[in-house]
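Peer 1: Sequence and predicted structure, then a few things I'm wondering about:
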Number of protein chains: 2
Amino acid sequence: MTNSADDQANPAFCPSGLAGGTCAGCKVRSASICAALDPDELHELESLAEETYFAGRSTVLMQDDPAGSVYNITSGTVRLYKLLADGRRQIVGFLLPGDFIGLSLGERQMFSADAIEPVTVCRFARTAFAALIDQKPHLLRRLHAAATHELTVAQDHMVLLGRRGAEERIAGFLVNLRDRLLRLGRSGVTLPLPMTRQDIADYLGLTIETVSRMITKLARDRVLLVVPGGIRVLDNSRLDALVQN
Amino acid sequence: MTNSADDQANPAFCPSGLAGGTCAGCKVRSASICAALDPDELHELESLAEETYFAGRSTVLMQDDPAGSVYNITSGTVRLYKLLADGRRQIVGFLLPGDFIGLSLGERQMFSADAIEPVTVCRFARTAFAALIDQKPHLLRRLHAAATHELTVAQDHMVLLGRRGAEERIAGFLVNLRDRLLRLGRSGVTLPLPMTRQDIADYLGLTIETVSRMITKLARDRVLLVVPGGIRVLDNSRLDALVQN
DNA sequence: CGTCAGCTTGACTCATCTCAACTAGGGTGG
DNA sequence: CCACCCTAGTTGAGATGAGTCAAGCTGACG
């Protein structure tokens, strides 16, 4: 539950995006920051990278801790969240392969992150990564593009949290997940949901019961089918229609 | 209501941060992107800048429109928002002097923006600004720092929208506004509220009636006093206490 | 002096939360 | 192999915080 990157490093294990640990063979490169680099630079980046493994339910990093590393996710799913003093939790995002942790390059973590299933990452020492970026403005441009993309995603999520009803939130979540999986070349029909209902609730600003009821309702309405470990979309157009705009 | 920057340009009018239109004399420089530049570079930036005025209630830019300009606010308050097809609105932020519009440097606007009171901005052609940034990596670093700061602010707002009650939201909004005004060297006791109750409601994911009731409650509890055009904070510690964490 | 926009207040409604019981599946140990 | 437990999820019934609808207030402005 509280293992850090350093406890968990396991270079032998490799079910990840990295084929034999080379950036050139990385399956998620096109979806990530690293796509900005040419072969020479890729080799340079590779020398800084360390493939790291996190067990399911293990902690990747904690809010306010010093930021020693930045990460590029190569397989698995990570939840990012903030906690209030009384234990309320808001999940601010789920990260998929190709996503980057540590965009700000700041000295402190701005949120907590844990692996919700086994996760492999490409880990970089933050200072070394920052130094590389100072030499490669186009890598910084790419990082900045990723940060502003995250900002739009965050703003869209504010709309969801501030102005959408429960069923709309669930539909929005599923549509969003579907589209991200499609971009990764995965199926848009069977959506794996490695996160718990509680995670979904804390992401959507709902309770676990409301999430459960709304998924049941969508299943009753034949918009989707609940399958072990996820859902199957039966009617994409009706699902899309539930997400006005 | 729908005047664009070009209709509204009015170099003669100058109640703004810019003293006589020079960056060197700009009152908000230390709070903005431009603080990254040395005197020579400032002069270069100045040659790209055009001081522009927006009347209260006028539109600065519309979501999905082509992004011709980026802006640095020198005086006044701007609301950024997204609309759903059925008219629901979520305000994603209020911008104060020193804040920047167009961090992404993208070709399309990702939100709408209007002036909620008379506003002056430093306007730059987007392409010229982007070209300058390609020559000044430290300016890009600064822009990136601003973007990731906005991202943390957005995530904190997600916590507010997803997990806080109505009174907590109001208190959070006021604490946040107070701290931003203090950073700009303004009073943290008398908070001007140039936005309407409806704007506050659309920012906090509430209705206008709930905003009104909660402000009345805080006034009844002697935490604040409602004054024309804003509020006066009577008890900072109780206001802070309402915002757990 | 009348109008109008912004704001406040009250009475009632309702979507979502809370509390509680129950089900299903997976692991463990006797 | 079965009994037990544990976690995750579902469902129901009732409570409640915020929304809705409606009326009235206030100050600015013509």
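Peer 2: Here it is on my side, so go on.
Peer 1: mind showing which ranges of chain A have poor pLDDT?
Peer 2: A:1-21 (pLDDT under 70).
Peer 1: Close to DNA strand C: what parts of it are there?
Peer 2: Counting by CB under 7 Å from any atom of the strand, chain A comes close to DNA strand C at A:G165, A:A166, A:E167, A:G205, A:L206, A:T207, A:E209, A:T210. Every C-beta, even on glycine, is put in place using the N, C-alpha and C of the backbone.
Peer 1: ok, now with 10 Å
Peer 2: Contacts of chain A with DNA strand C, taken as CB under 10 Å from any atom of the strand, map to A:88, A:164-169, A:201, A:204-214, A:217, A:228-229.
Peer 1: Kindly identify which of these also come near DNA strand D.
Peer 2: A:165, A:201, A:207-214, A:217, A:228-229.
Peer 1: who wins for most neighbours among the residues you listed?
Peer 2: Greatest neighbour count in those, by other CB atoms under 10 Å in any protein chain shown, goes to A:V211: 23 neighbours.
Peer 1: Verify the stated contact: it with A:A201.
Peer 2: Yes - between A:V211 and A:A201 a contact is recorded at 4.7 Å, counting by CB atoms under 8 Å.
Peer 1: still on that earlier bit, mind checking which of the residues of chain A next to DNA strand C are in strands?
Peer 2: Among the residues of chain A next to DNA strand C, DSSP state E puts none in strands.
Peer 1: and A:T210, how far is that from B:S69?
Peer 2: Noted for A:T210: a distance of 43 Å to B:S69, by CB to CB, to the nearest Å.
Peer 1: center of chain A - which residue?
Peer 2: Centroid-nearest residue in chain A, with CA atoms, centre = their mean: A:L95, separated by 0.2 Å.
Peer 1: residues in contact with it?
Peer 2: Contact analysis of A:L95 by CB atoms under 8 Å, 6 or more residues apart in numbering or on different chains lists A:I73, A:T77, A:V78, A:R79, A:L80, A:I101, A:A113.
Peer 1: Tell me what it is bridged to.
Peer 2: Applying DSSP bridges to A:L95 gives these bridge partners: A:V78.
Peer 1: just to revisit the earlier point, with the ones next to DNA strand D among the residues of chain A next to DNA strand C in mind, which one is nearest to B:L234?
Peer 2: Lowest distance from B:L234 to these (CB to CB) belongs to A:T207, with 35.2 Å.
Peer 1: Check which helix or strand A:I133 maps to.
Peer 2: If you go by DSSP states H and E, A:I133 is part of helix A:126-135.
Peer 1: can that helix be found next to chain B?
Peer 2: Yes - for a cut-off given as CB under 8 Å from any CB of the partner chain, helix A:126-135 has contacts with chain B, namely A:D134.
Peer 1: Same question for stretch A:63-74.
Peer 2: No - if you take CB under 8 Å from any CB as the test, stretch A:63-74 misses chain B, and the best it gets is 10.4 Å.
Peer 1: For chain A, just list every one of the strands.
Peer 2: Secondary structure of chain A (DSSP E): strands at A:50-54, A:59-61, A:69-75, A:78-83, A:89-95, A:100-101, A:112-115, A:119-125, A:190-192, A:224-227, A:230-233.
Peer 1: closest to B:A36 out of these?
Peer 2: Using CB to CB as the measure, strand A:69-75 is the one of the strands of chain A that comes nearest B:A36, at 22.2 Å.
Peer 1: list the helices and strands the closest one packs on?
Peer 2: If you count contacts as 3 or more CB pairs under 8 Å, 6 or more residues apart in numbering or on different chains; DSSP states H and E, strand A:69-75 packs onto strand A:100-101, strand A:119-125, helix A:126-135.
Peer 1: Can I get that strand in CSV? Just the C-alpha atoms.
Peer 2: Presented in CSV, the C-alpha positions along strand A:69-75 are these (Å, rounded to 0.1, in the frame of the first residue of the first chain):
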residue,chain,number,x,y,z
SER,A,69,11.3,11.2,-10.3
VAL,A,70,9.0,11.7,-13.2
TYR,A,71,7.3,8.8,-14.9
ASN,A,72,6.0,7.7,-18.3
ILE,A,73,3.4,4.9,-18.0
THR,A,74,4.0,2.0,-20.3
SER,A,75,1.3,-0.4,-19.0
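Peer 1: Direction included, what does that strand pair against?
Peer 2: Strand A:69-75 has its sheet partners listed here by DSSP bridges as strand A:100-101 (antiparallel), strand A:119-125 (antiparallel).
Peer 1: Same list, those strands, but as CSV with mean neighbour count please.
Peer 2: What follows is the strands paired with strand A:69-75, written out as CSV (neighbours: other CB atoms under 10 Å in any protein chain shown):
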stretch, mean neighbour count
strand A:100-101, 20
strand A:119-125, 24
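Peer 1: Nearest to A:R141 among those would be which one?
Peer 2: A:R141 sits nearest to strand A:100-101 of all these, at 14.1 Å, using CB to CB.
Peer 1: ok, back up a step: looking at the contacts of A:L95, state which has the most neighbours.
Peer 2: A:I73 leads these on contacts (other CB under 10 Å) with 27 neighbours.
Peer 1: which other helices and strands contact the longest helix anywhere in chain A?
Peer 2: Counting by DSSP state H, the longest helix found in chain A is helix A:137-163. Counting contacts by 3+ CB pairs under 8 Å, 6+ apart, helix A:137-163 packs against strand A:89-95, helix A:126-135, helix A:166-183, strand B:78-83, strand B:89-95, helix B:137-163, helix B:197-204.
Peer 1: The fourth one to helix A:137-163, inter-axis angle?
Peer 2: If I follow you right, that is strand B:78-83. Orientation of strand B:78-83 against helix A:137-163 (axes from the mean of the first three to the mean of the last three CA atoms, to 10 degrees) gives an angle of 70 degrees.
Peer 1: With the last one instead?
Peer 2: Interaxial angle of helix B:197-204 relative to helix A:137-163 (the same axes, to 10 degrees): 120 degrees.
Peer 1: Check which residues of helix B:197-204 are buried.
Peer 2: Buried positions in helix B:197-204, judged by neighbour count with 16 or more other CB atoms under 10 Å in any protein chain shown: B:R197, B:D199, B:I200, B:A201, B:D202, B:Y203, B:L204.
Peer 1: and of the helices and strands packed on helix A:137-163, who's closest to A:R222?
Peer 2: helix A:166-183 (13.9 Å).
Peer 1: what's the angle between that closest one and helix A:197-204?
Peer 2: Using the same axes, to 10 degrees: helix A:166-183 against helix A:197-204 is 100 degrees.
Peer 1: Wondering if helix A:166-183 reaches chain B at all.
Peer 2: No - shown here: helix A:166-183 not in contact with chain B (CB under 8 Å from any CB), separated by at least 9.4 Å.
Peer 1: ok, and for that helix, which residues are buried?
Peer 2: Buried residues in helix A:166-183, counted by 16+ other CB under 10 Å: A:166-178, A:180-181.
Peer 1: before we move on, what about stretch A:124-144?
Peer 2: Buried residues in stretch A:124-144, counting neighbours by 16+ other CB under 10 Å, are found at A:124, A:126, A:129-130, A:132-133, A:136-137, A:139-144.
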